[in-house]
Structures are given as structure tokens and as C-alpha cells.
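1. Have a look; sequence and predicted model below, questions after that.
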Amino acid sequence: MQLVSREHIAIAPDVRSCKPHIVGTRIALEDVAVMHLKLGYSLVEIAGKYDLSLASVYAAMAYYFDHRDEIDHRTAEEDELVEVLKQNYPSRLQDKLRQLRNE
């Protein structure tokens with residue numbers, strides 16, 4: 001495991017596919033960034049909701065801003081992959097729900 005911020009941030013091959021995450025959790029830094037920047041949660045709310053130290057949440061955001069281009073690029077690639085998978089492998093559950101609604 002590679003420690004990035006001695007107490008708060010780690011990168012480990014067996015946790016979230018090597019994504020930087022908050023130490024002792026599986027919460028990736030991009031998850032914190034999305035909750036804060038896109039969903040509008042305050043950092044205090046995120047810390048409380050996931051029982052994290054406020055310092056860890058601030059460290060996550062600091063790391064995100066230091067590596068924003070890299071993290072956003074990886075997130076966009078993952079989103080594209082999800083869309084391709086959805087198109088190539090449609091959800092049988094969604095198909096079944098559509099059929100039930102049409103009957």
C-alpha cells in the first residue's frame with residue numbers, strides 16, 4: 001500500500017482498483033468530490049454521513065484538487081465504459097419491468 005498523505009489518503013492495489021481512497025475505508029477521493037461538488041453536500045455532512053474525520057474529508061478534497069485532471073479523466077473513461085456495457089448487455093430486470101408496465 002502506498003501512502004500519499006500519511007494519515008488520511010492511501011493507494012492500494014486491493015482497494016477500489018488502485019484509486020486513492022480515505023485510509024481505513026473504501027471511499028475513493030472521487031466519491032467525496034462528487035458528493036461535494038456535484039451533489040452539494042458540505043464536507044461536514046460527508047464526514048458525518050460516513051463517520052469520517054473532517055481532516056480526512058478535507059485531505060480528500062485537497063488531493064482531488066491537486067490531481068483533478070487525472071481523476072476526472074479516469075472517471076470519464078469509467079462512465080464511457082459503463083455506457084458501452086449498458087448498450088451491449090441490457091439489463092434483464094429493466095426489460096422485465098418495461099414488459100410489466102406495457103401489459
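-> Perfect, I can see it now.

2. Spatially central, which residue of the chain would that be?
-> The centroid of the chain falls nearest to Asp31 when counting by C-alpha atoms, centre = their mean (2.9 Å).

3. gap between that one and Glu83?
-> Using C-beta to C-beta, to the nearest Å, we find Asp31 at a distance of 19 Å from Glu83. C-beta: built from backbone N, CA, C; applies to glycine.

4. show me where pLDDT drops low in the chain?
-> The model of the chain has pLDDT under 70 over residues 1-6, 103.

5. Which residue ranges of this structure form strands?
-> Counting by DSSP state E, the chain has strands at residues 2-5, 9-11, 21-22.

6. Can you name every helix or strand that the second one contacts?
-> Strand 9-11 sits against strand 2-5, strand 21-22, helix 54-66, with contacts defined as 3 or more C-beta pairs under 8 Å, 6 or more residues apart in numbering; DSSP states H and E.

7. Buried residues of the longest one, list them for me.
-> By 16 or more other C-beta atoms under 10 Å, the buried positions in helix 54-66 come out as Ser56, Val57, Ala59, Ala60, Met61, Tyr63, Tyr64.

8. Name the residues that touch that helix?
-> 4-5, 7-9, 20, 22-23, 27, 29-30, 32-33, 36, 43-44, 46-47, 71 (C-beta atoms under 8 Å, 6 or more residues apart in numbering).

9. Drop anything exposed from those.
-> By 16+ other C-beta under 10 Å, those give 4-5, 8-9, 20, 22-23, 27, 29-30, 32-33, 36, 43, 46-47, 71 as buried.

10. quick one: the residue nearest to the centre of the chain and Arg98, what's the gap?
-> Going from Asp31 to Arg98 by C-beta to C-beta gives 30 Å.

11. any idea how far Leu85 is from Asp95?
-> 15 Å.

12. what's the longest helix in the protein?
-> In the chain, with assignment by DSSP state H, the single longest helix is helix 68-88.

13. orientation of it relative to helix 54-66 in degrees?
-> 90 degrees (axes from the mean of the first three to the mean of the last three C-alpha atoms, to 10 degrees).

14. I appreciate the help and will end here.
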